[in-house]
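> heads up, no residue letters with this:
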């Protein structure tokens with residue numbers, strides 16, 4: 001695709017039908033919880049769009065975020081996204097290296113000043129600059145230089161969003177998140193370890209189509225991080241009835257009961273795992289029998305142990321669907337979860353009569 005081509009022109013030249021393109025737009029609208037009336041708006045905007053420049057910086061990371069998107073089964077979405085944008089710099093994917101690679105980054109900045117998008121994965125070490133350098137430039141300096149002319153920044157993965165695993169106690173490199181260093185540019189956090197592929201691409205489409213999306217208090221797009229995994233989990237009815245797996249191989253686990261007592265962090269974790277899922281919508285950890293680790297939340301690695309319950313369920317769970325919040329690092333998120341659960345309980349009370357009866361009979 002040539003830089004001066006619109007996306008619509010490029011798609012037609014590659015033989016992609018209007019029907020297939022509209023199907024993609026419909027999928028994107030659904031991911032963003034937009035009404036069907038917005039499908040033609042997305043289509044018209046993308047069709048007329050020329051390739052925006054994207055500079056992707058990788059710092060203290062495992063390459064998992066890049067692997068997540070490039071190994072996605074949703075090849076059509078991946079192909080469309082990487083043909084919408086001009087990925088001018090990416091350590092893992094670019095052919096150039098050494099001086100040629102850095103020249104490409106600087107050229108992209110100069111040619112698109114004030115318009116390019118910076119994508120960052122990995123945390124930034126603030127200790128010894130030698131902990132992580134690129135072309136002899138420390139991560140701190142490269143980030144500061146690159147974001148100067150950026151229109152916005154997308155922090156992909158929990159490391160870039162919140163510091164992630166490198167920031168875990170005792171944080172030997174002094175790792176910090178993008179937002180700890182950049183305070184004068186719009187930042188969209190797309191956390192996860194790694195994030196779901198369609199969430200990464202969906203956020204890019206949302207930004208390119210409508211501009212900066214509506215964000216929550218942690219700068220995450222509400223379209224993908226607006227509800228907890230617990231709210232949309234298919235095991236939620238078992239939680240409401242007080243039916244929990246006590247071990248990974250007991251009868252409760254075999255029957256698909258709630259994994260809350262095995263350390264599931266779903267009630268305090270906001271992500272689209274329960275709806276978008278992984279591997280082309282095949283499954284997600286809870287569906288595979290493993291509790292949520294809370295990887296899209298700040299400090300998840302130090303959050304009190306993966307297999308420890310965040311609290312002991314209290315009260316008549318079948319009627320109230322509330323949980324007692326834990327203390328320490330999870331306190332703030334848990335309190336929010338309690339308020340949300342109580343509100344949901346009030347709305348759903350009349351729907352639970354049948355479930356309560358079944359629970360009493362069992």
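It's in. Because the structure is predicted, anything quoted here is derived from the model rather than measured.
> just give the nearest non-adjacent residue to residue 235, would you?
residue 258 (4.8 Å; Cβ to Cβ, 6 or more residues apart in numbering). In short, each C-beta sits where N, CA and C put it, glycine included.
> buried sites along stretch 41-54?
Residues 42, 43, 46, 47, 51, 52, 53, 54 are the ones in stretch 41-54 that count as buried (16 or more other Cβ atoms under 10 Å).
> just the ones of these in helices?
Residues of those located in helices (DSSP state H): 42, 43, 46, 47.
> quick one: contacts for the residue nearest to residue 235?
Applying Cβ atoms under 8 Å, 6 or more residues apart in numbering to residue 258 gives the contacts 235, 236, 238, 239, 243, 244, 245, 264.
> columns pLDDT on top of those residues, output as a markdown table?
Shown next, in a markdown table, are the contacts of residue 258 (pLDDT from 0 to 100):
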| residue | pLDDT |
| --- | --- |
| 235 | 96 |
| 236 | 95 |
| 238 | 96 |
| 239 | 94 |
| 243 | 96 |
| 244 | 96 |
| 245 | 96 |
| 264 | 94 |
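> hang on, the earlier thing: between the ones in helices among the buried residues of stretch 41-54, which is closest to residue 311?
The shortest approach to residue 311 among those belongs to residue 42, at 41.3 Å (Cβ to Cβ).
> state the distance from the closest residue to that closest one other than its chain neighbours to residue 202.
Leaving aside its chain neighbours, residue 42 sits nearest to residue 25 (4.5 Å; criterion: Cβ to Cβ, 6+ apart). Note on residue 25: its distance to residue 202, by Cβ to Cβ, to the nearest Å, is 12 Å.
> then residue 228?
Taken as Cβ to Cβ, the span from residue 228 to residue 202 is 19 Å.
> likewise residue 31?
Applying Cβ to Cβ, the value for residue 31 to residue 202 is 5 Å.
> any common contacting residues for these two?
Contacts common to residue 31 and residue 202, judged by Cβ under 8 Å, 6+ apart, are 223, 224.
> neighbour count: these two, which is higher?
residue 202 (26 against 22; other Cβ atoms under 10 Å).
> host element of the residue nearest to residue 42?
Of the helices and strands defined by DSSP states H and E, residue 25 is found in helix 18-31.
> which elements pack onto that helix?
Applying 3 or more Cβ pairs under 8 Å, 6 or more residues apart in numbering; DSSP states H and E, one finds that helix 18-31 contacts helix 39-48, helix 75-84, helix 197-210.
> contacts for that helix, please.
Contacts with helix 18-31, where a contact means Cβ under 8 Å, 6+ apart, come from 11, 35-36, 38-40, 42-43, 46-47, 76-77, 80, 198-199, 202, 205-206, 223-224, 272, 276.
> filter the residues you listed down to the buried ones, PyMOL style.
In PyMOL syntax, the buried subset of the contacts of helix 18-31 is picked out as below (16+ other Cβ under 10 Å):
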select buried, resi 11+38+39+42+43+46+47+77+80+198+199+202+205+206+223+224+272+276
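> where among the helices and strands packed on helix 18-31 is average confidence lowest?
The stretch with the lowest mean pLDDT among the helices and strands packed on helix 18-31 is helix 75-84, at a mean of 55.
> give me the contacts around whatever helix or strand comes next after that helix.
Tracing the chain past helix 75-84, the next element assigned as helix or strand by DSSP H and E is strand 86-90. By Cβ under 8 Å, 6+ apart, the residues outside strand 86-90 that reach it are 3, 51-58, 66, 93-94, 101, 104-105, 107-108, 116.
> what bits of this structure have low per-residue confidence?
For the chain, the stretches with pLDDT under 70 are 1-5, 71-84, 312-362.
> quick one: secondary structure of the closest residue to residue 88 other than its chain neighbours?
Counting by Cβ to Cβ, 6+ apart, residue 88 lies nearest to residue 108, which is 3.7 Å off, once chain neighbours are set aside. Going by DSSP: H, G, I helix; E, B strand; the rest coil, the secondary structure assigned to residue 108 is helix.
> what about residue 108, how many neighbours?
Around residue 108 there are 20 other residues, counting by other Cβ under 10 Å.
> quick one, domains of the chain?
Using automatic domain parsing, the domain parsing of the chain gives 52-224, 229-361.
> can I get those domains in CSV with distance to residue 17?
Formatted as CSV, these follow (distance: least, Cβ to Cβ, whole Å):
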stretch, distance to residue 17
domain 52-224, 12
domain 229-361, 21
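> biggest separation within the buried residues of stretch 41-54, which pair?
Taking Cβ to Cβ as the measure, these span a maximum distance of 22.7 Å, between 43 and 53.
> roughly how far apart are residue 194 and residue 210?
For residue 194, the distance to residue 210 - Cβ to Cβ - is 24 Å.
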